[in-house]
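Participant: need a structure here:
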Amino acid sequence: MAAKEGYCVKCKAKREIKDAKSIVMKNGRPATQGLCPVCGTKIFKIGK
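Facilitator: Prediction:
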């Protein structure tokens, strides 16, 4: 299974999400939340 990728706003680049975990937002949509492996900023990606 491929690792999740998201956009890090601080690095301004696509990065692999470290410690990714699937969550469900308040409106019921799935999302992925984790950390940027380079700078440690929180990365949030909507969708599976």
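Participant: and I17, what does it touch?
Facilitator: I17 sits next to A3, K4, E5, G6, T32, Q33, G34, L35, C36, I43, K45 when contact means C-beta atoms under 8 Å, 6 or more residues apart in numbering. Quick note: C-beta positions are derived from backbone N, CA and C, even for glycine.
Participant: if you set the cut-off to 7 Å instead, what comes out?
Facilitator: Applying C-beta atoms under 7 Å, 6 or more residues apart in numbering to I17 gives the contacts K4, E5, G6, T32, G34, I43.
Participant: out of these, which is most surrounded?
Facilitator: I43 (25 neighbours; other C-beta atoms under 10 Å).
Participant: list the buried ones in the helix or strand harbouring that one?
Facilitator: Counting by DSSP states H and E, the element that carries I43 is strand 42-46. The neighbour-count check on strand 42-46 (16 or more other C-beta atoms under 10 Å) flags I43, K45 as buried.
Participant: where does the chain dip in pLDDT?
Facilitator: 1-3 (pLDDT under 70).
Participant: go again using 50 as the cut-off
Facilitator: 1 (pLDDT under 50).
Participant: any figure for the gap between C8 and C36?
Facilitator: 4 Å (C-beta to C-beta, to the nearest Å).
Participant: shared neighbours, these two?
Facilitator: The contact sets of C8 and C36 overlap at R15, I43 (C-beta under 7 Å, 6+ apart).
Participant: how long is stretch 8-18 from one end to the other?
Facilitator: 12 Å (C-alpha to C-alpha, to the nearest Å).
Participant: any buried residues in that stretch, and which?
Facilitator: Applying 16+ other C-beta under 10 Å to stretch 8-18 flags C8, R15, E16, I17 as buried.
Participant: tell me the one of the residues you listed nearest V24?
Facilitator: Relative to V24, the closest of the buried residues of stretch 8-18 is I17; by C-beta to C-beta it sits at 16.7 Å.
Participant: please name the nearest non-neighbouring residue to the closest one.
Facilitator: Nearest non-adjacent residue to I17, counting by C-beta to C-beta, 6 or more residues apart in numbering: G34, 3.8 Å away.
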